[in-house]
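> Structure of the sequence below:
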Amino acid sequence: MKYILKTHSKKILADTITPVSVYLRLRDKFPNSLLLESSDYRANDNTFSYICCNPIASISIKNEEIKEEFPDGTIQLTSIESDTDVVGIIEGFAKKFETDTNEKKFIQNGLFGYMSYDGVRYFENIEITKKEDALDIPDMYYAVYQNIIAINHFNNEAHIFSHTYNAENNLEQIAQLLTVKSFAEYTFKLEGEQKSVTTDEQFIDLVDTCKKHCQRGDVFQIVPSKRFSQGFSGDEFNVYRSLRSVNPSPYLFYFDYGNFKIFGSSPEAQLIVQDGKAEIHPIAGTFKRTGNDEKDAALAKKLSEDAKENSEHVMLVDLARNDLSRNGSNVKVETYREVQFFSHVIHLVSKVTATKHPQTSTMRVVADTFPAGTLSGAPKHNAMKLLEKYEPINRDFYGGALGFMDFNGNFNHAIIIRSFLSKNHQLHYQAGAGIVSDSVPSKELEEVYNKLGALTKALKLAEEI
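This next block holds a predicted model:
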C-alpha cells in the first residue's frame, strides 16, 4: 500500500527566531521532537536547519525484530532470521510514502533517525553480542514526521510543512506557536563523578594489544574506544546548547525519543548521497589545539607532515575508495589531507566521491560503507571482529550514524561522535583513537581526552545556563 502524504506549507520571516528557540517552543507541546542544525553557514542559499515533530510513521529494529508503524495505525512485525533482507525492508518502508510536492532545494519530508554501531550485524556477516551495561536502545529507528520546519539561514526564511494522511492540517497551530514570546527553560546539574568502565591503564593495555595485531598484519589500523558516564539532574538540552557554542560543527543534532535522547556536534559525515553522487569525508589525524593562533598554525603544519598521522589517514582514504567502488564508478579523491580546525582539535580531512550505479539503491550503498572506517579500522571486517572481542561494552550509539534520507534516495548522515546519549539520568559519551603499528599508547589515551575536551567543557558550562 502507498501512503500519499498531502503537503501544506507556509513561509514566514525567520529573522527573530533560531533553530534552538523554535525547538524550545515546540518540544513541550510535541514530545519526541528532533532538531538538526548546521553551523556550516557558508554563503549560499542552501544551508538549512530542521525541526521535526509529530511522528506519524516509523521503522525500528530492536531485539532482532523489525517493527513498522504506518499512518493508518497498521503495525507490521518481522523477526530477523539469518536470511532476512533488512536493507530491502528499510527500502520498502521508505518506498511506501510519497508526497504530492517535490521541492528539490531542501528536505521537506523523508525518514529522520539513526542507526547504531551495533546495527552493522544486519549489513555485514559479523557477530555483535549484547554485553553487560548495554544501553538497551533500538539498533535503528527512523520516523516520518507530520511537521517539519526548514530554516534557511542565508535569507532568514522558515518553511513550515504539515504532511497529512487522513488527518487535520495543523499549519496554523505551528505558526502560532512560533510567535509565542516566552517558552519554558529548566536548569541542569551534574550529579556525582564522571565514571568509565575502562580505566586509563586498561585502555593503554588495549592499545598495546591492538598494536600487536597491527604488527602481525591482522589489521593495518584499528580504533579502540573508551566510554564515560556522568549522572545529572534537570534538562540535558542545556548541554546541547553549550556544546553547539563551544564546538560548532557541520552537524549539530538533538533527537528526543522519550526514554532516551541522542545529541551532539559531529565533525564528520558518515555518507552523503545527493542526486546519484556519493561522498565520504574521512577524518583521521588529530592534534590538540592550544588556542593560540600562531602555535596552532605551526601545529597544523606539523600535523600535515607527521608520518604516523598521515599513514593512518592514507589507509582510511583508501578504505573509503574501496567502500564506494563496491556500488559506484568514477571514484575520486576530490580533497586530500586538508587541515581543518575545530574547537579543541586539528584534523586532517579528505573528500572521496563516486557516481552511484543507477540500479543500486542508496540503502545498499549505506550498508556497504557502514560503519565509518575512521571508527573501526582497516581492513574493516577484521578490525570490527577484534573490537567486538576486546572492548568490554557494546558501542550502542557511538560510531553509528544519524540524519535523514528522503523518499527519493538522497541521504545525509553524520557519524555519531562528539555526542551524548542520555538515559535514566545518565549521560554516556565516548571517543576512540586510531592505532597503527608504531602508535605510542600514552599519546593515544591523550587523543581520546582531547577529542572529548569540548564535551567535558560543555557539561560544566551547561550548569551555568
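> In a strand, residue 252, correct?
Yes: using DSSP: H, G, I helix; E, B strand; the rest coil, the assignment for residue 252 is a strand.
> Give the burial count for the residue nearest to it when sequence neighbours are not counted, as a bare number.
Leaving aside its chain neighbours, residue 252 sits nearest to residue 37 (4.0 Å; criterion: C-beta to C-beta, 6 or more residues apart in numbering). Backbone N, C-alpha and C define where each C-beta goes, glycine included. Residue 37: 27 surrounding residues under other C-beta atoms under 10 Å.
> do you know how far residue 37 is from residue 141?
From residue 37 over to residue 141 the distance is 20 Å, taken as C-beta to C-beta, to the nearest Å.
> One more: residue 446?
Counting by C-beta to C-beta, the gap from residue 446 to residue 141 is 35 Å.
> ditto for residue 363
With C-beta to C-beta as the criterion, residue 363 and residue 141 are 15 Å apart.
> same check, this time on residue 459
25 Å.
> so where's the stretch 101-250 of the chain shaky on pLDDT?
When residues are selected by pLDDT under 70, those of the stretch 101-250 of the chain lie in 102-106.
> longest helix of the protein?
Ranked by residue count, the top helix of the chain under DSSP state H comes out as helix 307-325.
> how far is it from where the chain is centred?
21 Å (C-alpha atoms, centre = their mean, to the nearest Å).
> got it, and stretch 386-397?
18 Å.
> Name the residues that touch it?
Contact partners of stretch 386-397, identified using C-beta atoms under 8 Å, 6 or more residues apart in numbering, comprise 114, 116-118, 126-135, 137, 197-198, 206, 209-210, 213, 218-219, 222-225, 227, 262, 376-377, 416, 419, 421, 428, 430.
> next one: stretch 446-464
187-190, 194, 203, 225-226, 228, 230, 236, 238-239, 241-243, 245-247, 265, 286, 288, 342-345, 417-418, 420, 427, 429, 431-433.
> now do 6 Å
Here stretch 446-464 makes contact (C-beta atoms under 6 Å, 6 or more residues apart in numbering) with 188-189, 226, 238-239, 242-243, 246-247, 286, 288, 343-345, 429, 431, 433.
> Which members of those residues occur in helices, if any?
Going by DSSP H, the helices hold 238, 239, 242, 243, 246 from those.
> how close does the fourth one get to residue 322?
Applying C-beta to C-beta, the value for residue 243 to residue 322 is 33 Å.
> domain assignment for this structure?
Using the TED database, the domains assigned to the chain come out as 3-179, 193-228+268-463.
> If I average pLDDT within each of those, which one is lowest?
Of all these, the minimum mean pLDDT falls on domain 3-179 (a mean of 89).
> gap between the two ends of that domain?
Start-to-end span of domain 3-179 (C-alpha to C-alpha, to the nearest Å) is 32 Å.
> what about that domain, distance to the chain center?
14 Å.
> Same question for stretch 215-235.
Between the centre of stretch 215-235 and the centre of its chain there are 16 Å (C-alpha atoms, centre = their mean).
> Only the buried residues of that stretch, if you could.
Buried residues in stretch 215-235, defined by neighbour count with 16 or more other C-beta atoms under 10 Å: 219-230, 232, 234-235.
> Could you point out which of these is nearest to residue 98?
Closest approach between the buried residues of stretch 215-235 and residue 98, by C-beta to C-beta: residue 235, at 37.7 Å.
> Contacts only, for the closest one.
For residue 235, the contact set (C-beta under 6 Å, 6+ apart) comprises 186, 188.
> can you give me the helices for the stretch 301-450 of the chain?
Along the stretch 301-450 of the chain, the segments classed as helices by DSSP state H, counting those that start in this stretch run 307-325, 362-369, 373-376, 380-390, 441-451.
> just to revisit the earlier point, what's the angle from the longest helix of the chain to helix 441-451?
Orientation of helix 307-325 against helix 441-451 (axes from the mean of the first three to the mean of the last three C-alpha atoms, to 10 degrees) gives an angle of 60 degrees.
> just checking, what packs against helix 307-325?
Secondary-structure packing of helix 307-325 (3 or more C-beta pairs under 6 Å, 6 or more residues apart in numbering; DSSP states H and E): strand 283-288, strand 328-341, strand 345-356, helix 373-376.
> Skipping adjacent residues, who's closest to residue 335 in space?
Distances taken as C-beta to C-beta, 6+ apart place residue 351 nearest to residue 335, at 3.9 Å, with adjacent residues excluded.
> distance of that neighbour from residue 340?
Distance, residue 351 to residue 340, using C-beta to C-beta: 11 Å.
> higher neighbour count, residue 243 and residue 322?
The neighbour comparison of residue 243 against residue 322 (other C-beta under 10 Å) goes to residue 243, with 27 against 17.
> Is the more buried one in contact with residue 265, as I believe?
Yes: the pair residue 243 / residue 265 is scored as a contact, 5.1 Å apart, by C-beta atoms under 6 Å.
> sorry, back to before: can you pull the buried residues of the longest helix of the chain?
309-324.
> Which secondary structure state does residue 138 sit in?
Residue 138 is classified as coil under three-state DSSP.
> hang on, it packs against residue 62?
Yes: in this structure residue 138 lies within contact range of residue 62 using C-beta under 6 Å: 4.2 Å.
> quick one: which of those two has more around it?
Set residue 138 next to residue 62 and count neighbours by other C-beta under 10 Å: residue 138 wins out with 22 against 14.
> Might you report the residue contacts of the more buried one?
By C-beta under 6 Å, 6+ apart, the neighbours of residue 138 are 60, 61, 62.
> can you tell me how far it sits from residue 113?
For residue 138, the distance to residue 113 - C-beta to C-beta - is 9 Å.
> Extract the C-alpha trace of stretch 387-400 and format it as PDB.
The C-alpha trace of stretch 387-400 is given here as PDB (Å, rounded to 0.1, in the frame of the first residue of the first chain):
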ATOM      1  CA  LEU A 387      36.800  -4.600  18.700                       C
ATOM      2  CA  GLU A 388      34.000  -7.000  19.500                       C
ATOM      3  CA  LYS A 389      36.500  -9.300  21.200                       C
ATOM      4  CA  TYR A 390      38.400  -6.700  23.200                       C
ATOM      5  CA  GLU A 391      36.100  -3.800  24.000                       C
ATOM      6  CA  PRO A 392      34.300  -4.500  27.300                       C
ATOM      7  CA  ILE A 393      31.000  -2.900  26.400                       C
ATOM      8  CA  ASN A 394      28.700  -2.500  23.400                       C
ATOM      9  CA  ARG A 395      29.200   0.600  21.400                       C
ATOM     10  CA  ASP A 396      25.500   1.100  21.000                       C
ATOM     11  CA  PHE A 397      25.100   4.700  19.600                       C
ATOM     12  CA  TYR A 398      28.800   5.500  19.400                       C
ATOM     13  CA  GLY A 399      30.200   5.200  15.900                       C
ATOM     14  CA  GLY A 400      26.700   4.800  14.400                       C
END
